[in-house]
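Chemist: model the structure of this input:
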Amino acid sequence: MSYLGESIPKLGFGLMRLPMSGKEVDITQTIKMVDHFLDSGFTYFDSAYGYIDGKSEEAAKTALFDRYPREKFSFATKLPAFEAKNAEEARQMFWTSLKRTGAEYFDFYLLHNLGSVRTQPFYDFGMWDYILELKEKGLIRHAGFSSHAKADMLDDVLTKNPDMDFVQLQINYSDWENEYIQSRKCYEVARKHNKPIVIMEPVKGGLLAGKLPPEVKAVFDATGSGASCASWAIRFAASLGGVITVLSGMSTIEQVRDNVSYMKDFRPLNNDEQAVIVKARETLAALPAIPCTACEYCKPGCPMGIVIPDILDMMNREVLYKDPHAAKDGYEWETLFGGKASDCTQCGNCEQICPQEIKITELLKTAADKYE
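Modeler: Sure thing, here's the model as predicted:
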(Lines give C-alpha, C1' and ligand atoms only; values in the text may rest on other atoms or scores of the structure.)
Protein backbone atom coordinates (compact mmCIF):
# COMPACT_ATOMS: atom_id res chain seq x y z
CA MET A 1 0.00 0.00 0.00
CA SER A 2 1.48 3.33 -1.06
CA TYR A 3 1.72 6.36 1.22
CA LEU A 4 2.22 10.12 0.94
CA GLY A 5 5.83 10.85 0.01
CA GLU A 6 6.77 7.27 -0.82
CA SER A 7 8.32 8.39 -4.13
CA ILE A 8 10.32 11.25 -2.56
CA PRO A 9 14.07 10.45 -2.30
CA LYS A 10 14.95 9.50 1.28
CA LEU A 11 17.41 12.32 1.91
CA GLY A 12 16.10 15.82 2.63
CA PHE A 13 18.09 19.06 2.95
CA GLY A 14 17.53 20.73 6.32
CA LEU A 15 18.14 24.48 6.02
CA MET A 16 18.70 25.06 9.74
CA ARG A 17 22.51 24.97 9.79
CA LEU A 18 23.47 26.80 6.61
CA PRO A 19 27.04 28.10 6.18
CA MET A 20 27.47 31.56 7.64
CA SER A 21 29.65 34.53 6.82
CA GLY A 22 29.55 36.51 10.02
CA LYS A 23 25.88 36.98 10.88
CA GLU A 24 24.69 36.42 7.32
CA VAL A 25 24.10 33.24 5.38
CA ASP A 26 26.95 32.51 2.97
CA ILE A 27 24.71 32.46 -0.08
CA THR A 28 27.49 31.52 -2.52
CA GLN A 29 28.21 28.33 -0.60
CA THR A 30 24.51 27.68 -0.06
CA ILE A 31 23.87 27.85 -3.82
CA LYS A 32 26.66 25.32 -4.47
CA MET A 33 25.13 22.98 -1.88
CA VAL A 34 21.60 23.35 -3.27
CA ASP A 35 22.78 22.78 -6.83
CA HIS A 36 24.72 19.63 -5.95
CA PHE A 37 21.79 18.27 -3.94
CA LEU A 38 19.32 18.80 -6.80
CA ASP A 39 21.78 17.61 -9.46
CA SER A 40 22.10 14.36 -7.49
CA GLY A 41 18.38 13.69 -7.80
CA PHE A 42 17.14 14.88 -4.40
CA THR A 43 14.21 17.24 -4.05
CA TYR A 44 13.06 17.91 -0.46
CA PHE A 45 14.02 21.08 1.43
CA ASP A 46 13.02 21.93 5.01
CA SER A 47 13.06 25.31 6.74
CA ALA A 48 11.11 27.13 9.46
CA TYR A 49 9.86 30.60 10.30
CA GLY A 50 12.53 31.04 12.98
CA TYR A 51 15.56 29.31 11.47
CA ILE A 52 18.54 31.69 11.52
CA ASP A 53 16.11 34.48 12.52
CA GLY A 54 14.24 34.12 9.23
CA LYS A 55 17.39 34.15 7.11
CA SER A 56 16.95 30.46 6.26
CA GLU A 57 13.71 31.18 4.38
CA GLU A 58 15.29 34.22 2.72
CA ALA A 59 18.25 32.10 1.60
CA ALA A 60 15.82 29.55 0.17
CA LYS A 61 14.32 32.29 -2.01
CA THR A 62 17.71 33.30 -3.39
CA ALA A 63 19.21 29.84 -3.81
CA LEU A 64 16.11 27.86 -4.73
CA PHE A 65 12.86 29.64 -5.58
CA ASP A 66 14.46 32.34 -7.74
CA ARG A 67 16.60 29.85 -9.65
CA TYR A 68 14.57 26.68 -10.23
CA PRO A 69 11.14 25.83 -11.64
CA ARG A 70 8.67 25.35 -8.79
CA GLU A 71 7.84 21.78 -9.80
CA LYS A 72 11.50 20.66 -9.52
CA PHE A 73 11.50 20.51 -5.71
CA SER A 74 9.36 20.12 -2.59
CA PHE A 75 9.58 22.72 0.15
CA ALA A 76 8.53 22.53 3.80
CA THR A 77 8.47 25.22 6.44
CA LYS A 78 6.98 25.62 9.90
CA LEU A 79 4.96 27.93 12.14
CA PRO A 80 5.90 28.33 15.84
CA ALA A 81 2.63 29.58 17.37
CA PHE A 82 4.11 29.39 20.90
CA GLU A 83 6.23 32.44 20.02
CA ALA A 84 3.14 34.53 19.19
CA LYS A 85 1.18 36.75 21.58
CA ASN A 86 -2.18 36.04 19.96
CA ALA A 87 -3.91 34.23 17.09
CA GLU A 88 -3.49 37.12 14.66
CA GLU A 89 0.25 37.21 15.19
CA ALA A 90 0.48 33.43 14.84
CA ARG A 91 -1.48 33.43 11.58
CA GLN A 92 0.66 36.22 10.15
CA MET A 93 3.70 33.94 10.42
CA PHE A 94 2.41 31.95 7.46
CA TRP A 95 2.20 35.02 5.24
CA THR A 96 5.63 36.20 6.36
CA SER A 97 7.11 32.83 5.36
CA LEU A 98 5.30 32.94 2.02
CA LYS A 99 6.70 36.41 1.29
CA ARG A 100 10.23 35.58 2.45
CA THR A 101 10.49 32.53 0.22
CA GLY A 102 8.56 33.86 -2.75
CA ALA A 103 6.72 30.54 -2.83
CA GLU A 104 3.31 30.34 -4.45
CA TYR A 105 2.49 27.52 -2.03
CA PHE A 106 4.20 25.17 0.40
CA ASP A 107 4.33 21.47 -0.42
CA PHE A 108 4.55 20.57 3.27
CA TYR A 109 3.55 22.97 6.05
CA LEU A 110 4.00 22.20 9.72
CA LEU A 111 2.92 23.48 13.08
CA HIS A 112 6.34 23.68 14.68
CA ASN A 113 7.83 21.88 17.68
CA LEU A 114 4.90 20.57 19.69
CA GLY A 115 5.75 19.32 23.15
CA SER A 116 5.55 20.42 26.78
CA VAL A 117 3.99 23.89 27.22
CA ARG A 118 4.57 24.66 23.54
CA THR A 119 1.57 22.58 22.48
CA GLN A 120 -1.33 24.52 24.00
CA PRO A 121 -0.97 27.76 21.95
CA PHE A 122 -1.74 25.81 18.76
CA TYR A 123 -5.13 24.98 20.27
CA ASP A 124 -5.67 28.39 21.89
CA PHE A 125 -5.05 30.18 18.58
CA GLY A 126 -7.07 27.77 16.42
CA MET A 127 -4.06 26.82 14.33
CA TRP A 128 -5.24 23.30 13.45
CA ASP A 129 -8.28 24.63 11.62
CA TYR A 130 -6.24 27.49 10.17
CA ILE A 131 -3.73 25.32 8.31
CA LEU A 132 -6.57 23.16 6.98
CA GLU A 133 -8.18 26.34 5.62
CA LEU A 134 -4.88 27.24 3.93
CA LYS A 135 -4.75 23.75 2.45
CA GLU A 136 -8.30 24.12 1.12
CA LYS A 137 -7.21 27.36 -0.62
CA GLY A 138 -4.27 25.59 -2.27
CA LEU A 139 -1.63 27.49 -0.30
CA ILE A 140 -0.56 24.28 1.43
CA ARG A 141 -0.42 20.91 -0.30
CA HIS A 142 0.10 18.79 2.84
CA ALA A 143 -0.51 19.84 6.46
CA GLY A 144 1.29 18.35 9.44
CA PHE A 145 3.31 19.12 12.54
CA SER A 146 6.71 18.51 14.07
CA SER A 147 6.93 17.17 17.59
CA HIS A 148 9.41 16.56 20.38
CA ALA A 149 6.59 15.32 22.60
CA LYS A 150 6.60 11.94 24.25
CA ALA A 151 4.54 9.11 22.81
CA ASP A 152 1.43 9.64 24.96
CA MET A 153 1.13 13.30 24.01
CA LEU A 154 1.80 12.49 20.35
CA ASP A 155 -0.97 9.90 20.46
CA ASP A 156 -3.33 12.48 21.97
CA VAL A 157 -2.49 15.10 19.31
CA LEU A 158 -2.97 12.67 16.44
CA THR A 159 -6.24 11.43 17.93
CA LYS A 160 -7.58 14.99 18.21
CA ASN A 161 -6.29 16.04 14.76
CA PRO A 162 -6.84 13.11 12.39
CA ASP A 163 -6.83 15.40 9.32
CA MET A 164 -3.07 15.97 9.56
CA ASP A 165 -1.34 14.42 6.56
CA PHE A 166 2.03 13.64 8.14
CA VAL A 167 4.21 14.14 11.20
CA GLN A 168 7.87 15.08 11.69
CA LEU A 169 9.70 13.28 14.52
CA GLN A 170 13.14 13.11 16.09
CA ILE A 171 14.38 9.60 15.31
CA ASN A 172 17.90 8.23 15.51
CA TYR A 173 19.55 5.04 16.71
CA SER A 174 20.86 6.70 19.89
CA ASP A 175 17.38 7.83 21.00
CA TRP A 176 15.56 4.75 19.71
CA GLU A 177 15.16 3.18 23.17
CA ASN A 178 15.76 6.36 25.18
CA GLU A 179 12.92 6.89 27.65
CA TYR A 180 13.38 10.65 27.51
CA ILE A 181 13.15 11.07 23.73
CA GLN A 182 11.11 7.89 23.02
CA SER A 183 12.02 7.70 19.33
CA ARG A 184 10.77 4.14 18.87
CA LYS A 185 7.57 4.69 20.83
CA CYS A 186 6.77 7.88 18.90
CA TYR A 187 7.48 6.14 15.60
CA GLU A 188 5.09 3.34 16.57
CA VAL A 189 2.38 5.86 17.51
CA ALA A 190 2.67 7.56 14.10
CA ARG A 191 2.46 4.19 12.37
CA LYS A 192 -0.57 3.25 14.45
CA HIS A 193 -2.30 6.39 13.15
CA ASN A 194 -1.15 5.63 9.58
CA LYS A 195 0.78 8.89 9.33
CA PRO A 196 3.88 9.01 7.12
CA ILE A 197 6.93 10.44 8.84
CA VAL A 198 9.57 13.02 8.06
CA ILE A 199 12.58 12.21 10.23
CA MET A 200 14.57 15.01 11.87
CA GLU A 201 17.77 14.80 13.94
CA PRO A 202 18.94 11.49 12.42
CA VAL A 203 22.49 12.38 13.46
CA LYS A 204 21.35 14.13 16.66
CA GLY A 205 22.56 17.60 15.69
CA GLY A 206 25.82 16.17 14.37
CA LEU A 207 26.62 14.23 17.54
CA LEU A 208 26.27 10.89 15.71
CA ALA A 209 28.46 12.10 12.86
CA GLY A 210 31.87 13.60 13.60
CA LYS A 211 31.51 13.80 17.38
CA LEU A 212 30.91 10.20 18.39
CA PRO A 213 32.67 8.87 21.50
CA PRO A 214 35.73 6.84 20.40
CA GLU A 215 34.24 3.65 21.84
CA VAL A 216 31.22 3.95 19.55
CA LYS A 217 33.18 5.02 16.49
CA ALA A 218 35.30 1.89 16.95
CA VAL A 219 32.19 -0.26 16.50
CA PHE A 220 31.61 1.17 13.03
CA ASP A 221 35.31 1.17 12.12
CA ALA A 222 35.52 -2.53 12.98
CA THR A 223 33.19 -3.36 10.08
CA GLY A 224 35.88 -2.32 7.62
CA SER A 225 33.26 -0.68 5.41
CA GLY A 226 34.93 2.72 5.44
CA ALA A 227 31.44 4.27 5.69
CA SER A 228 31.12 7.53 7.59
CA CYS A 229 29.46 7.56 10.99
CA ALA A 230 26.81 9.88 9.55
CA SER A 231 25.96 7.33 6.88
CA TRP A 232 25.20 4.67 9.47
CA ALA A 233 22.87 7.04 11.32
CA ILE A 234 21.02 8.32 8.25
CA ARG A 235 20.66 4.88 6.70
CA PHE A 236 19.23 3.56 9.98
CA ALA A 237 16.52 6.22 9.89
CA ALA A 238 15.84 5.83 6.16
CA SER A 239 15.47 2.05 6.56
CA LEU A 240 12.29 2.47 8.61
CA GLY A 241 8.92 1.96 6.94
CA GLY A 242 6.52 4.79 6.15
CA VAL A 243 9.24 7.45 5.89
CA ILE A 244 8.78 10.42 3.55
CA THR A 245 12.40 11.55 3.86
CA VAL A 246 15.25 11.89 6.35
CA LEU A 247 16.44 15.44 6.97
CA SER A 248 20.12 16.27 7.26
CA GLY A 249 20.99 19.79 8.39
CA MET A 250 23.99 20.32 6.14
CA SER A 251 26.50 23.15 6.61
CA THR A 252 29.20 22.39 4.03
CA ILE A 253 29.46 21.13 0.48
CA GLU A 254 31.51 18.20 1.85
CA GLN A 255 28.55 17.12 3.98
CA VAL A 256 26.27 17.29 0.96
CA ARG A 257 28.68 15.19 -1.10
CA ASP A 258 29.03 12.59 1.62
CA ASN A 259 25.29 12.30 2.19
CA VAL A 260 24.34 12.02 -1.47
CA SER A 261 27.15 9.49 -2.11
CA TYR A 262 25.45 6.77 -0.06
CA MET A 263 21.83 7.93 -0.40
CA LYS A 264 21.77 8.30 -4.19
CA ASP A 265 21.37 4.55 -4.60
CA PHE A 266 19.93 4.00 -1.13
CA ARG A 267 19.62 0.49 0.20
CA PRO A 268 18.14 -0.29 3.63
CA LEU A 269 20.38 -1.75 6.33
CA ASN A 270 20.64 -5.53 6.14
CA ASN A 271 20.50 -7.81 9.21
CA ASP A 272 24.25 -7.70 9.80
CA GLU A 273 24.25 -3.89 9.60
CA GLN A 274 21.28 -3.67 11.96
CA ALA A 275 23.29 -5.75 14.43
CA VAL A 276 26.12 -3.20 14.18
CA ILE A 277 23.66 -0.43 15.00
CA VAL A 278 22.45 -2.36 18.06
CA LYS A 279 26.03 -2.81 19.25
CA ALA A 280 26.76 0.90 18.74
CA ARG A 281 23.63 1.82 20.69
CA GLU A 282 24.52 -0.54 23.54
CA THR A 283 28.08 0.78 23.64
CA LEU A 284 26.77 4.34 23.81
CA ALA A 285 24.29 3.43 26.55
CA ALA A 286 27.06 1.81 28.64
CA LEU A 287 29.15 4.99 28.81
CA PRO A 288 29.16 6.86 32.15
CA ALA A 289 26.18 9.13 32.43
CA ILE A 290 23.67 10.44 34.95
CA PRO A 291 21.15 7.57 35.38
CA CYS A 292 18.10 9.77 34.77
CA THR A 293 15.26 7.86 33.13
CA ALA A 294 13.16 11.00 32.50
CA CYS A 295 10.34 9.66 34.68
CA GLU A 296 9.67 13.33 35.65
CA TYR A 297 8.67 12.44 39.21
CA CYS A 298 10.90 15.33 40.30
CA LYS A 299 9.05 18.03 38.40
CA PRO A 300 5.68 18.44 40.19
CA GLY A 301 7.30 19.02 43.58
CA CYS A 302 9.83 21.61 42.42
CA PRO A 303 8.70 25.02 43.75
CA MET A 304 10.77 26.81 41.08
CA GLY A 305 9.50 24.83 38.10
CA ILE A 306 13.02 23.74 37.14
CA VAL A 307 13.15 21.52 34.06
CA ILE A 308 15.31 18.96 35.86
CA PRO A 309 15.23 16.06 33.35
CA ASP A 310 16.03 18.42 30.47
CA ILE A 311 19.02 19.85 32.34
CA LEU A 312 20.35 16.41 33.24
CA ASP A 313 19.93 15.37 29.61
CA MET A 314 22.15 18.28 28.51
CA MET A 315 24.79 17.31 31.08
CA ASN A 316 24.74 13.78 29.68
CA ARG A 317 25.11 15.19 26.19
CA GLU A 318 28.37 16.84 27.22
CA VAL A 319 29.70 13.66 28.85
CA LEU A 320 28.72 11.27 26.07
CA TYR A 321 29.51 13.38 23.04
CA LYS A 322 32.34 15.53 24.42
CA ASP A 323 30.51 18.60 23.11
CA PRO A 324 30.08 21.31 25.78
CA HIS A 325 28.89 23.84 23.18
CA ALA A 326 25.98 21.63 22.09
CA ALA A 327 25.12 21.01 25.74
CA LYS A 328 25.14 24.74 26.54
CA ASP A 329 23.02 25.57 23.49
CA GLY A 330 20.57 22.84 24.45
CA TYR A 331 20.45 24.07 28.03
CA GLU A 332 19.64 27.62 26.93
CA TRP A 333 16.82 26.32 24.71
CA GLU A 334 15.26 23.99 27.28
CA THR A 335 15.30 26.57 30.09
CA LEU A 336 13.39 29.07 27.97
CA PHE A 337 10.30 27.10 28.97
CA GLY A 338 11.09 26.40 32.63
CA GLY A 339 13.26 27.21 35.61
CA LYS A 340 17.05 27.33 35.33
CA ALA A 341 19.49 25.36 37.45
CA SER A 342 20.44 28.50 39.37
CA ASP A 343 16.82 28.87 40.51
CA CYS A 344 17.24 25.83 42.77
CA THR A 345 16.48 26.56 46.45
CA GLN A 346 18.05 23.27 47.61
CA CYS A 347 14.72 22.18 49.13
CA GLY A 348 15.49 18.56 48.28
CA ASN A 349 11.96 17.62 47.16
CA CYS A 350 13.35 16.21 43.91
CA GLU A 351 15.88 13.96 45.65
CA GLN A 352 13.24 12.55 48.00
CA ILE A 353 11.12 11.35 45.09
CA CYS A 354 13.85 10.32 42.59
CA PRO A 355 13.69 6.52 42.00
CA GLN A 356 17.34 6.55 40.89
CA GLU A 357 18.49 8.39 44.05
CA ILE A 358 20.33 10.98 41.95
CA LYS A 359 22.01 13.84 43.82
CA ILE A 360 20.02 16.34 41.82
CA THR A 361 20.75 19.49 43.83
CA GLU A 362 24.51 18.98 43.47
CA LEU A 363 24.15 18.42 39.74
CA LEU A 364 22.05 21.57 39.36
CA LYS A 365 24.85 23.56 40.99
CA THR A 366 27.27 22.10 38.47
CA ALA A 367 24.91 22.86 35.58
CA ALA A 368 24.49 26.47 36.69
CA ASP A 369 28.28 26.91 36.80
CA LYS A 370 28.74 25.30 33.38
CA TYR A 371 25.89 26.70 31.34
CA GLU A 372 24.76 30.01 32.78
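
Chemist: pLDDT score assigned to the residue nearest to residue 231 when sequence neighbours are not counted?
Modeler: The spatial neighbour of residue 231 that comes closest, neighbours along the chain excluded (C-beta to C-beta, 6 or more residues apart in numbering), is residue 262 at 4.6 Å. C-beta: built from backbone N, CA, C; applies to glycine. Looking at residue 262, its pLDDT is 95.

Chemist: and for residue 280?
Modeler: For residue 280, the pLDDT comes out at 97.

Chemist: mind listing what it touches?
Modeler: With contact set as C-beta atoms under 8 Å, 6 or more residues apart in numbering, residue 280 has these partners: 173, 216, 219, 220, 232.

Chemist: and it, how far from residue 218?
Modeler: As judged by C-beta to C-beta, to the nearest Å, residue 280 and residue 218 stand 9 Å apart.

Chemist: picking up where we left off before, now the contacts of residue 280 as CSV including distance to residue 372 and secondary structure?
Modeler: Below are the contacts of residue 280 laid out as CSV (distance: C-beta to C-beta, whole Å; DSSP: H, G, I helix; E, B strand; the rest coil):
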residue, distance to residue 372, secondary structure
173, 32, coil
216, 30, helix
219, 35, helix
220, 36, helix
232, 35, helix
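
Chemist: of these, closest to residue 369?
Modeler: residue 216 (27.8 Å; C-beta to C-beta).

Chemist: so that closest one sits against residue 285, correct?
Modeler: No: with contact defined as C-beta atoms under 8 Å, residue 216 does not reach residue 285; the gap is 9.9 Å.

Chemist: test my guess that residue 202 contacts residue 231.
Modeler: No: using C-beta under 8 Å, residue 202 makes no contact with residue 231, being 10.5 Å away.

Chemist: neighbour-wise, which of those two wins?
Modeler: Taking other C-beta atoms under 10 Å, residue 202 and residue 231 do not tie; residue 202 has more neighbours (26 against 19).

Chemist: OK, contacts around the more buried one?
Modeler: 171, 172, 208, 233, 234, 236, 237, 238, 246, 247, 248.

Chemist: for the last one, which three-state class applies?
Modeler: It stands for residue 248. strand (DSSP: H, G, I helix; E, B strand; the rest coil).

Chemist: so it bridges to which residues?
Modeler: residue 13 (DSSP bridges).

Chemist: and for it, the neighbour number?
Modeler: The burial count for residue 248: 30, using other C-beta under 10 Å.

Chemist: from residue 16, how far off is it?
Modeler: As for residue 248, its distance to residue 16 is 10 Å (criterion: C-beta to C-beta).

Chemist: skipping its backbone neighbours, what lies nearest residue 141 in space?
Modeler: residue 107 (4.8 Å).

Chemist: from the recorded domain assignment, give the ranges for this structure.
Modeler: 11-279, 308-371 (automatic domain parsing).

Chemist: which residues are contacting the helix or strand harbouring residue 244?
Modeler: Using DSSP states H and E, the element containing residue 244 is strand 243-249. Under the contact criterion C-beta under 8 Å, 6+ apart, strand 243-249 has outside partners 4-6, 8-17, 44, 46, 166, 196-203, 205-206, 230, 234, 237-238, 255, 259.

Chemist: filter the residues you listed to the buried ones?
Modeler: Among the contacts of strand 243-249, those buried by neighbour count (16 or more other C-beta atoms under 10 Å) are 4-5, 8-17, 44, 46, 166, 196-203, 205-206, 230, 234, 237-238, 255, 259.

Chemist: could you report the pLDDT at residue 273?
Modeler: At residue 273, the pLDDT value in this model is 98.

Chemist: which ones are touching it?
Modeler: 232, 235.

Chemist: can you mark which positions in the strand or helix carrying it are buried?
Modeler: Using DSSP H and E, residue 273 maps to helix 271-286. Within helix 271-286, the residues that count as buried by 16+ other C-beta under 10 Å are 273, 276, 277, 280, 281, 283, 284.

Chemist: out of those residues, who's nearest residue 343?
Modeler: Distances from residue 343 to these, taken by C-beta to C-beta, are shortest for residue 284, at 31.0 Å.

Chemist: pretty sure the residue nearest to residue 231 contacts residue 232?
Modeler: No: Residue 262 is not in contact with residue 232 according to C-beta under 8 Å; the separation is 9.5 Å.
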